[in-house]
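Trainee: Sequence isn't available, so here's the structure alone:
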């Protein structure tokens, strides 16, 4: 029997998160500036209130200062936090820090956890994840990774360029992906790569610029970075040498899903705003919401949000029960990213000139949500991976059942390389 009910404790947590965002976070949105971001002193105050409300760092184990929620529980809390672009920041569960915290929990040594994870969970510092590179370097194709790390005695020397690194400005450290000559990589189809913890004050790690972007509300922006003879000690290696792509999957599969959780909150709030407007706006002798085409947009949005929520919950269940969730999170990310864009677009359309104005948050949501279809893997890449898995399963079933079309060349060993998303 499938049980979609929320436990009394989780329902209480959902209500408390919703109330916190409504009463403390949304009123502060007027201070969010697309050029200068959100004032740090106000963010510190919101985080102080989130701690006092027992809502801080919901995704991290209690040992490191978090709430220790499961993925299913996170899906409920993150969605409520996502009703405001500031909500995940206030609860310290926003990208890219949230994904980095998860990776550090899974891979870092005890010493690395004390140095990087604990202050990150406490909200004392920020971080970034430096994997994406400018052409011809790695974007969604990991085999194009150009940044190199060469062992020199007890140190590593890293050289390369990184692109669109979210949150880099003002971060305390970066988790950087680089090609390494030694180490046993998990997959022979990919170059051997490793992850390195690099302090941002390292003279070889230079922020070239903050890239002007459609979504201008991320703390720390999206930055172009140059690594020039960036020297780090052996203890800066995160995990085992040569296992960087395996660790990237440890980070990216859950991160794809938590992005969906947060953005679904944006979609739900957009629909709420549009529905309220449609109930009060008079047009051609009746309420706007009673016009058939407007009602259709509202119905489609509600249906797609519901389907997205169920997909998120199922993928969360897969991860909670020990599955790698690769295909479930790919399908969910593709679907939810496109749903969020459609819902925000419809909501803006329903609200007309008010939707376009900055009096409502819909215009900001519209700009901010569009890149969701690109980062953590463009929809086209996810669809390719999903299709290959479906075709592989069909080929295997055909062999098992003894049904192979005449002239067909079928190999059950067909597989595809891992994919890695851009940004975030």
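Mentor: Here it is on my side, so go on. Worth saying up front: this structure is predicted, and the values here are computed from it rather than measured.
Trainee: Buried ones in the longest helix belonging to the chain, by neighbour count?
Mentor: Using DSSP state H, we find that the single longest helix of the chain is helix 244-280. Across helix 244-280, burial judged by 16 or more other Cβ atoms under 10 Å covers 244-271, 273-275, 277-278. Using the backbone N, CA and C atoms, a C-beta is placed for each residue, glycine as well.
Trainee: And the helices in the stretch 151-300 of the chain?
Mentor: All helices of the stretch 151-300 of the chain, identified by DSSP state H, counting those that start in this stretch, fall at 244-280, 292-320.
Trainee: Could you tell me how far stretch 256-263 lies from the centre of the chain?
Mentor: 6 Å (Cα atoms, centre = their mean, to the nearest Å).
Trainee: what mean pLDDT would you report for that stretch?
Mentor: In this model, stretch 256-263 has a mean pLDDT of 97.
Trainee: Tell me which residues are up against it.
Mentor: Identification of contacts with stretch 256-263 by Cβ atoms under 8 Å, 6 or more residues apart in numbering yields 59, 71, 74-75, 78-79, 81-82, 87-88, 93-95, 98-99, 308, 311-312, 315-316, 319, 325, 329-330, 332-333, 336-337, 340, 369, 372, 375-377, 421, 424.
Trainee: repeat for stretch 62-79
Mentor: Contacts of stretch 62-79 (Cβ under 8 Å, 6+ apart): 6, 10, 13-14, 17, 54-61, 88, 91, 93, 101, 105, 113, 117-118, 121-122, 254, 257-258, 261-262, 264-265, 268, 309, 312-313, 315-317, 319-320.
Trainee: In it, which residues are buried?
Mentor: For stretch 62-79, a neighbour-count test (16+ other Cβ under 10 Å) marks 64-67, 69, 71-79 as buried.
Trainee: Average pLDDT for stretch 147-161, rounded please.
Mentor: 97.
Trainee: same question, stretch 383-396
Mentor: 93.
Trainee: got it, and stretch 93-111?
Mentor: 97.
Trainee: likewise stretch 16-32?
Mentor: For stretch 16-32, mean pLDDT rounds to 97.
Trainee: distance between it and the chain's centre?
Mentor: Worked out by Cα atoms, centre = their mean, stretch 16-32 lies 21 Å from the chain centre.
Trainee: try stretch 301-318
Mentor: When C-alpha coordinates are averaged (Cα atoms, centre = their mean), stretch 301-318 and its chain have centres 16 Å apart.
Trainee: I would like the residues contacting it, please.
Mentor: With Cβ under 8 Å, 6+ apart as the test, stretch 301-318 has contacts from 4, 70-72, 74-75, 79, 257, 260-261, 264, 267-268, 270-271, 274, 325, 328-329, 331-332, 335-336, 339-340, 342-343, 346-347.
Trainee: again, 6 Å this time
Mentor: Under the contact criterion Cβ atoms under 6 Å, 6 or more residues apart in numbering, stretch 301-318 has outside partners 71-72, 75, 257, 260-261, 264, 267-268, 271, 325, 328-329, 332, 336, 339, 343, 346.
Trainee: One more: stretch 34-50?
Mentor: So stretch 34-50 is contacted by 24, 28, 31-32, 56, 90-91, 123, 216, 219 (Cβ under 6 Å, 6+ apart).
Trainee: going on from the helix or strand where residue 367 lies, what's the next piece of helix or strand?
Mentor: According to DSSP states H and E, residue 367 maps onto helix 362-369. Using DSSP H and E, the helix or strand that follows helix 362-369 in sequence is helix 379-401.
Trainee: quick one, that next one and helix 244-280 angle?
Mentor: 110 degrees (axes from the mean of the first three to the mean of the last three Cα atoms, to 10 degrees).
Trainee: Pull out the buried positions in stretch 320-330.
Mentor: Buried residues in stretch 320-330, counted by 16+ other Cβ under 10 Å: 325-330.
Trainee: Buried residues, the helix or strand where residue 47 lies. List them.
Mentor: Using DSSP H and E, residue 47 falls within helix 40-52. Within helix 40-52, the residues scored as buried using 16+ other Cβ under 10 Å are 43, 46-47, 49-51.
Trainee: What does the pLDDT read for residue 140?
Mentor: 80.
Trainee: scratch that, residue 324
Mentor: Note for residue 324: predicted pLDDT of 89.
Trainee: Show me what the helix holding residue 367 is packed against.
Mentor: Judged by 3 or more Cβ pairs under 6 Å, 6 or more residues apart in numbering; DSSP states H and E, helix 362-369 is in contact with helix 244-280, helix 326-356.
Trainee: And for the nearest residue to residue 195 once chain neighbours are set aside, the neighbour number?
Mentor: Residue nearest to residue 195 in three dimensions, not counting chain neighbours: residue 238, with 4.0 Å by Cβ to Cβ, 6 or more residues apart in numbering. A count of nearby residues for residue 238, using other Cβ atoms under 10 Å, gives 23.
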